[in-house]
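J.: what would the 3D arrangement of this be:
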Amino acid sequence: MFSYCADPSSIEGLTWLSCYLTTGKHMNMYWAFGTVLLLLAITAPSALLFGFGGASAARSNIPPLRWIGKSYISIVRGVPDIAFFLFFVIALDQAFEWMRHQWLCPDWTDPIRQGNDFVVCQAAKLPLNSAPQWVHEIYGFFTAVLTFAIVFGAFAANVLFGAMRAVPKGQIETAEAYGMTRRQTFWRILVPQMWVYALPGLSNLWMVLIKATPLLFLLGVEDIVYWARELSGTKTARFTEYPHGDWRIWYFLALLVFYLCFTKLSEVVLERIMKRLTRGQATLGGS
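T.: Predicted coordinates:
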């Protein structure tokens, strides 16, 4: 990046370090921080949406809908995250390709399942082999966001379901006594009050989501942990212009500081939200 970095072998000290930290691979690592933050910014509301839908379905008076909601919560929560990520991304990708295959290649006669191989026509591939690199990256990021949202949505659904049940029944009965319909009671009485009970559980879930972002590597997304591992190992002059020893401790120490600072900031923000939600309400700790 700097003009004096043209010949790394002729520089040393802080000058060498400034050149080393601005190489192309390091720039990719810095972009990966943005990728993690973008994932959290999109996944959190998406998971909350899945959670709200799952919790609403679980408390529905319609038996099939109630069964779907409770099954979603139980199944996803009962499967280890890593196993679910490894299985679901493959299944999701193949489902998309199968639908495209049925639409774009109706004359295909060969079986799609050929032993352990999943074979579809070239037009049905996602993304297409001829697509630019940024399309592949966006598709991988999209599947990662959807997988995270579904997994953490199940945990959010369990929290919201408990929060809905924690709202005093007297509030619901009073609303019904005033002639409110079930829909009006749900949106005007139950939903506004449940957030006070749900926020502690959702706060813990947010912290778990932050710690789960290194699983992006399993989904084919080059995250900050991937680049830390890629850059921190011993490098010799034969393979790089900036040879160095084993620097894993320094790279992962930087990641430690990043995650600690981010979680601390999250705690401060969540605490302020909790104070705002409980303003004017009596709690176990006092008024």
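
J.: which SSE is V208 in?
T.: According to DSSP states H and E, V208 maps onto helix 191-212.

J.: CA atoms of the next helix-or-strand element following that helix as PDB?
T.: Downstream of helix 191-212, the next assigned helix or strand under DSSP H and E is helix 224-232. In PDB, the C-alpha atoms belonging to helix 224-232 read as follows (Å, rounded to 0.1, in the frame of the first residue of the first chain):
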ATOM      1  CA  ILE A 224     -11.800 -13.400  10.900                       C
ATOM      2  CA  VAL A 225     -10.900 -16.700  12.500                       C
ATOM      3  CA  TYR A 226     -10.200 -18.200   9.100                       C
ATOM      4  CA  TRP A 227      -7.800 -15.300   8.200                       C
ATOM      5  CA  ALA A 228      -6.200 -15.400  11.600                       C
ATOM      6  CA  ARG A 229      -5.300 -19.000  11.200                       C
ATOM      7  CA  GLU A 230      -4.200 -18.400   7.600                       C
ATOM      8  CA  LEU A 231      -1.900 -15.500   8.500                       C
ATOM      9  CA  SER A 232      -0.600 -16.500  11.900                       C
END
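
J.: got the angle between the helix or strand that helix 224-232 is followed by and helix 191-212?
T.: Per DSSP H and E, the first helix or strand lying C-terminal to helix 224-232 is helix 248-277. Helix 248-277 and helix 191-212 are oriented at 170 degrees to each other (axes from the mean of the first three to the mean of the last three CA atoms, to 10 degrees).

J.: phi and psi next, for the most centrally placed residue in the chain.
T.: Computing the C-alpha centroid of the chain and ranking residues by CA atoms, centre = their mean puts F148 first, at 3.9 Å. Note on F148: its backbone torsions stand at phi -60, psi -40 [degrees, to the nearest 10].

J.: what does E222 give?
T.: The phi/psi pair for E222 (degrees, to the nearest 10) is phi -80, psi 100.

J.: isn't G245 right next to T236, touching?
T.: No: applying CB atoms under 8 Å as the test, G245 and T236 come out as separate, 9.8 Å apart. Using the backbone N, CA and C atoms, a C-beta is placed for each residue, glycine as well.

J.: pretty sure L146 contacts A95?
T.: No: with contact defined as CB under 8 Å, L146 does not count as touching A95 (11.4 Å).

J.: tally up the residues packed near F85, please.
T.: 21 (other CB atoms under 10 Å).

J.: how close does it get to L37?
T.: 20 Å (CB to CB, to the nearest Å).

J.: where in the stretch 101-250 of the chain is pLDDT low?
T.: 239 (pLDDT under 70).

J.: and F52, what does it touch?
T.: 156-157, 160 (CB atoms under 8 Å, 6 or more residues apart in numbering).

J.: would you double-check that it falls in a helix?
T.: Yes: counting by DSSP: H, G, I helix; E, B strand; the rest coil, F52 falls inside a helix.

J.: how about the CA coordinates for the helix holding V208, as PDB?
T.: Provided in PDB are the C-alpha atoms of helix 191-212 (Å, rounded to 0.1, in the frame of the first residue of the first chain):
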ATOM      1  CA  VAL A 191     -46.800  -8.600  22.700                       C
ATOM      2  CA  PRO A 192     -46.000  -5.100  24.300                       C
ATOM      3  CA  GLN A 193     -45.600  -6.700  27.800                       C
ATOM      4  CA  MET A 194     -43.700  -9.800  26.900                       C
ATOM      5  CA  TRP A 195     -40.500  -8.100  25.900                       C
ATOM      6  CA  VAL A 196     -39.700  -7.300  29.600                       C
ATOM      7  CA  TYR A 197     -39.700 -11.000  30.300                       C
ATOM      8  CA  ALA A 198     -38.000 -12.000  27.100                       C
ATOM      9  CA  LEU A 199     -35.100  -9.500  27.100                       C
ATOM     10  CA  PRO A 200     -32.800 -11.400  29.600                       C
ATOM     11  CA  GLY A 201     -33.100 -14.600  27.600                       C
ATOM     12  CA  LEU A 202     -32.700 -12.700  24.300                       C
ATOM     13  CA  SER A 203     -29.600 -11.000  25.700                       C
ATOM     14  CA  ASN A 204     -28.000 -14.300  26.500                       C
ATOM     15  CA  LEU A 205     -28.900 -15.500  23.000                       C
ATOM     16  CA  TRP A 206     -27.300 -12.500  21.400                       C
ATOM     17  CA  MET A 207     -24.000 -13.200  23.300                       C
ATOM     18  CA  VAL A 208     -24.100 -16.800  22.100                       C
ATOM     19  CA  LEU A 209     -24.700 -15.600  18.600                       C
ATOM     20  CA  ILE A 210     -21.600 -13.400  18.800                       C
ATOM     21  CA  LYS A 211     -19.500 -16.400  20.000                       C
ATOM     22  CA  ALA A 212     -21.000 -18.600  17.200                       C
END
